[in-house]
Every structure is written in C-alpha cells, then in structure tokens.
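[1] The sequence isn't on hand, but the structure is:
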C-alpha cells in the first residue's frame, strides 16, 4: 500500500467518524426535546383530568349554563386527542400546530367557564371547587415551565441542525426538518395562572 492510499483511508476514516459524531449529537438533541415534550404531555393530561371534576362540581350550581359546560367538555376531549397525536411525534410541525390550535379552543372554553362561575357565589365558595381551581392553577404553572423547557430543547436542536457543517449531513441522516416550537396563540394567558378568585 502506498502513502496516498493510506492518506485516503485516513481521510475517509476521519470523515466517517465526523459524520457519526454529528448523527449522534442530532439524536441526543432530538431525544432531549422529545423528553421535554413528554413533560408537557404529563401536565396537559393532568389538566385534562382536572377539567371533568371542575365541570361535575359546577353542574349542580350552574344548571342554566349547560352549553358552557358542554363546550368545556368537548374542547377538553378534542385537546386530549390532539395531544396524543403530538406526543407520537413532537417534531412534527403539523401536530404541534394542531395542539396549539386546540389548546386555544380549550383556553377559550375555560375562559367562558370562569366567567360563568363568577355569577355563582355559592359555587365559588365550594371547598371542592376551590381545591380543584388551586390544582388547576398549579398545573398551569407547571405547563408553562415544561413548555419553556421544551422550547429551549427545540431551539438547541434546531440551532445545531442548522449550523455548518451539520446542515450538510442532517437531511441525509434523517434530520431534514426543524422541530416546531410550542407557542400558544395567547401564550400570556396560558403562561399565567388562570385568574379565578373564589
């Protein structure tokens, strides 16, 4: 074997090691944002589990608000379904956009619910309702923190993937598209705890 062949093999070996290192880093960053999304999923499921309890507690008091209660229930069910789709592939931009959209619908329904609750002082004073509202407020705060952690991980992944020389190989290594940030349409309303006073 002559020296040019040895140099060629060394260059090929270095390039292969470089490509493997890029691939491994892309996988690690992708797994981090998937894990961060799993934390959001946990908190959103907790919120979705609390909502039926709120509705059940309110039913006895809000007999004339059946439409509002139904809207909350339907929005919650739709959001849970969309969350399951997004959880299967948190890097899918369409799945994240659908989740954002459905969370907006749910937030709107919850806002109407909160306004309706204000008209029922006995309901506002109900111990079960106060406890559920406190748990929901705590969960909303956890969602905001989890969403920020997810967005940080997505940003790290996207930045690494878009940087040179990674961008040259990313598509060929199965990392062709950016991950989508989770930004709710009314992010201040989601980040801030719901302002329901009892």
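    Yep, that arrived. Quick caveat, the model's predicted, so the values are computed rather than measured.

[2] give the contact list for the spatially most central residue of the chain.
    Centroid-nearest residue in the chain: residue 40, 4.8 Å away (criterion: C-alpha atoms, centre = their mean). Residues in contact with residue 40, defined by C-beta atoms under 8 Å, 6 or more residues apart in numbering, are 143, 146-147, 150, 182. (C-beta placed from N, C-alpha, C; glycine too.)

[3] okay, these in CSV with distance to residue 175 next?
    CSV is the format used below for those (distance: C-beta to C-beta, whole Å):
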residue, distance to residue 175
143, 27
146, 24
147, 23
150, 18
182, 19
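
[4] Which of these fall within strands?
    Using DSSP state E, no member of these sits in strands.

[5] This structure: strands as residue ranges?
    Using DSSP E, no strands are found in the chain.

[6] where does it dip in pLDDT?
    185-198 (pLDDT under 70).

[7] so what's the residue nearest to the centre of the chain closest to, chain neighbours aside?
    Leaving aside its chain neighbours, residue 40 sits nearest to residue 146 (4.4 Å; criterion: C-beta to C-beta, 6 or more residues apart in numbering).

[8] what's the burial count for that neighbour?
    Number of residues near residue 146 (other C-beta atoms under 10 Å) recorded here: 20.

[9] which residues touch residue 120?
    58, 61-62.

[10] and which of the residues you listed is nearest residue 138?
    Of all the contacts of residue 120, residue 58 has the smallest distance to residue 138: 19.2 Å, by C-beta to C-beta.

[11] May I ask you to confirm that the closest one is in contact with residue 132?
    No: counting by C-beta atoms under 8 Å, residue 58 stays clear of residue 132, with 9.5 Å between them.

[12] most neighbours, which of the contacts of residue 120?
    Result: residue 58 is most packed of the contacts of residue 120 (other C-beta under 10 Å), 22 neighbours.

[13] For that residue, give its distance to residue 95.
    31 Å (C-beta to C-beta, to the nearest Å).

[14] And residue 76, by the same measure?
    The gap separating residue 76 from residue 95 is 18 Å, by C-beta to C-beta.

[15] More neighbours: the two, which one.
    Counting neighbours by other C-beta under 10 Å for residue 76 and for residue 95 shows that residue 76 has the greater number, 23 against 19.

[16] And for the more buried one, nearest residue in space, chain neighbours not counted?
    Residue 76's closest residue in space is residue 51 (C-beta to C-beta, 6+ apart), at 4.5 Å.

[17] residues contacting that neighbour?
    72-73, 76, 110, 136.
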